[in-house]
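**Student:** okay, structure incoming, though there's no sequence with it:
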């Protein structure tokens, strides 16, 4: 566990080191010519777009991964219950399917949010 924590810490620091030059970069200077303001640098919003892209990718990945774990545990518990008491299969199967559908709906919501974030990139 400590090795995993150390690895993730190093990865977070590496990502921050790549982003840091953009954070501390000098802002754009406005040049006024004939009543019009022309921004020369720093107006692309690259750091914000990078954050949206990382958030969209991590969001759907984490949502799908945790939902997969939840669906696996729910299915295993239901099958274990059916194996112990085959007569209760009809009473176990329906709530299990409803639960799996609700878990999957959360992943679909995460997918919709990911699409909304990507449309802003």
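**Tutor:** Happy to help now that I have it. Here the structure is a predicted model, which is why all the values come from computation and not from measurement. Numbers count the residues shown, from 1 in each chain.

**Student:** low-confidence stretches in the chain?
**Tutor:** Low-confidence segments of the chain (pLDDT under 70): 1, 13-45.

**Student:** okay, strands next: where are they in it?
**Tutor:** Ranges of strands within the chain are 30-33, 36-39, based on DSSP state E.

**Student:** nearest residue to residue 67 other than its sequence neighbours?
**Tutor:** If the residues on either side of it in the chain are set aside, residue 67 comes closest to residue 107, at 4.5 Å by CB to CB, 6 or more residues apart in numbering. Every residue, glycine included, has its C-beta placed from N, CA and C.

**Student:** mind checking the longest helix of the chain?
**Tutor:** Counting residues, the longest helix found in the chain (DSSP state H) is helix 46-84.

**Student:** give me the distance between residue 61 and residue 110.
**Tutor:** Noted for residue 61: a distance of 9 Å to residue 110, by CB to CB, to the nearest Å.
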